[in-house]
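Chemist: dropping a prediction and its sequence here:
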Amino acid sequence: MKLTTITNVSVDGVMQGLGGPDEDRRDGFERGGWALPLFDDEAETFLGQVYQRADAFLFGRRTYEIFAGYWGAIADPANPIAAALNTRPKYVASTTLTDPQWADTTVLSGDVAAAIGELKAKPAGELQVHGSGALVRLLLDNHLVDELILLTYPVVVGQGTRLFPATGPDTALELVDSQSTPKGVTIHVYRPTGRPQYASATAD
């Protein structure tokens, strides 16, 4: 299976609490809901198409619980995101979740990287990771990501958990596609290509 990560971030890389003031207040975060004023029809259409092409979903525990509480309660089959999430297999990387209530959920509690490697070994399909920053970093560290989709919103949040920490492994990316929406959300699709190349500036 192809593994794709889909992440909404601010210009300064924040991914925490994009959906509402009380979505994620960890570590005193007080600026939740920063994405909604900029989430326009084109961004919604794009994400709906992305969700519809998924064959299965993979989450960290916190994102899983947020999604289960919100999307799991939407029974409208015309909603492309809810319909995909409620009818397709879901996997959760967690050592503490023991009794998931969302239908068709499997908990991956052992060697997460190995378990995801087994999922990826299936012959076809797309496994999508939405949000789940710590999980995305683990997947990148273990070279399990085939494609990254970043939706970058034109706002500097100034606090909160960022997709990439101050230090970590380096990864070169190939830009596969790029577009922008009327409200300025830029959508970039990347493929990891190994380690970056480094060079020194030289005088002409």
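Modeler: Structure's in. What do you need?

Chemist: for the chain, just list every one of the strands.
Modeler: Assigned strands in the chain, in chain order: 2-10, 56-60, 90-93, 105-108, 126-130, 147-153, 173-180, 186-192 (criterion: DSSP state E).

Chemist: could you export the third one as PDB, CA atoms only?
Modeler: Going back to what we said before, that points to strand 90-93. Output of strand 90-93 as PDB, limited to C-alpha atoms (Å, rounded to 0.1, in the frame of the first residue of the first chain):
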ATOM      1  CA  LYS A  90      -8.900   2.400  10.700                       C
ATOM      2  CA  TYR A  91      -5.700   1.700  12.500                       C
ATOM      3  CA  VAL A  92      -4.500   3.400  15.700                       C
ATOM      4  CA  ALA A  93      -0.900   3.400  16.900                       C
END
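
Chemist: and the contacts of that strand?
Modeler: 56-61, 64, 100, 102, 104-108, 112, 115-116, 119, 127, 132, 135, 138 (CB atoms under 8 Å, 6 or more residues apart in numbering). Any C-beta I mention is one placed from the backbone N, CA and C, and that applies to glycine too.

Chemist: list buried residues within the residues you listed.
Modeler: Buried members of the contacts of strand 90-93, counted by 16 or more other CB atoms under 10 Å: 56-61, 64, 100, 102, 105, 107-108, 112, 115-116, 119, 127, 132, 135, 138.

Chemist: quick one: the longest helix seen in the chain to strand 173-180, angle?
Modeler: Identified as the longest helix of the chain according to DSSP state H is helix 41-52. Interaxial angle, helix 41-52 versus strand 173-180 (axes from the mean of the first three to the mean of the last three CA atoms, to 10 degrees): 130 degrees.

Chemist: state the pLDDT value of residue 24.
Modeler: The model reports residue 24 with a pLDDT of 86.

Chemist: just give the nearest non-adjacent residue to it, would you?
Modeler: residue 17 (4.3 Å; CB to CB, 6 or more residues apart in numbering).

Chemist: quick one: the one you found from residue 84, how far?
Modeler: Using CB to CB, to the nearest Å, residue 17 is found at 23 Å from residue 84.

Chemist: comparing the two, which shows the higher neighbour count?
Modeler: residue 17 (24 against 19; other CB atoms under 10 Å).

Chemist: that one and residue 33 touch, don't they?
Modeler: Yes. Contact criterion CB atoms under 8 Å: residue 17 and residue 33 qualify, at 7.0 Å.

Chemist: quick one: mean pLDDT for stretch 117-130?
Modeler: 92.

Chemist: measure that stretch end to end?
Modeler: End-to-end distance for stretch 117-130, by CA to CA, to the nearest Å: 18 Å.

Chemist: any regions of the chain where pLDDT drops low?
Modeler: Residues of the chain meeting the criterion pLDDT under 70: 204.

Chemist: coming back round to it: out of the strands of the chain, which comes closest to residue 50?
Modeler: For the strands of the chain, the distance to residue 50 is smallest for strand 2-10, at 6.1 Å, taking CB to CB.

Chemist: quick one: that closest one to helix 41-52, angle?
Modeler: Going by the same axes, to 10 degrees, strand 2-10 makes 150 degrees with helix 41-52.
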